[in-house]
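[1] need coordinates for the below:
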Amino acid sequence: MDNKKLKDLLEHHHTWPCVYTFKFIVPISSGPDLEKVLKGHEILKKNSKKGNYLSVTAKKTMNSSEEVMDVYAAVSQIKGVISL
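    Alright, predicted model coming up:
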């Protein structure tokens, strides 16, 4: 999804500031990298059945759509991450 479309969707569906929920799946080896990016977020983690992947739900009060997009941009640099 391009940045303009994402920003428009965020602006349409949220009133800032608000608690925003992020969801990601990463290989177990990339879990620490994801946790560094999500420092300060309330985080819930769950290992996959075989233990190869980590499901992460993170919540934090965000002040704008730009802040949300910054988190997604930082997370996208992590090897193997899937944003849900």
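[2] where does pLDDT dip in the protein?
    1 (pLDDT under 70).
[3] can you map out the strands along it?
    18-27, 42-47, 53-62, 82-83 (DSSP state E).
[4] okay, those in CSV with mean neighbour count and distance to His12 next?
    From N, CA and C alone the C-beta is placed, and that goes for glycine too. Shown next, in CSV, are the strands of the chain (neighbours: other C-beta atoms under 10 Å; distance: least, C-beta to C-beta, whole Å):
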stretch, mean neighbour count, distance to His12
strand 18-27, 17, 13
strand 42-47, 12, 25
strand 53-62, 18, 15
strand 82-83, 12, 19
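[5] got TSV for these, with distance to Ser76 too?
    TSV is the format used below for the strands of the chain (distance: least, C-beta to C-beta, whole Å):
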stretch	distance to Ser76
strand 18-27	10
strand 42-47	18
strand 53-62	14
strand 82-83	7
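[6] Asp2 is nearest to which of those?
    Closest of the strands of the chain to Asp2 is strand 82-83, at 14.3 Å (criterion: C-beta to C-beta).
[7] packing partners for that closest one?
    strand 18-27 (3 or more C-beta pairs under 8 Å, 6 or more residues apart in numbering; DSSP states H and E).
[8] isn't Thr21 right up against Thr61?
    No: in this structure, Thr21 is not within contact of Thr61 by C-beta atoms under 8 Å, at 11.2 Å.
[9] ok, so what distance separates the residue of the chain positioned farthest from its centre from Leu34?
    Largest separation from the mean C-alpha position in the chain: Lys50, at 22.7 Å (C-alpha atoms, centre = their mean). Computed as C-beta to C-beta, to the nearest Å, the Lys50 to Leu34 distance reads 19 Å.
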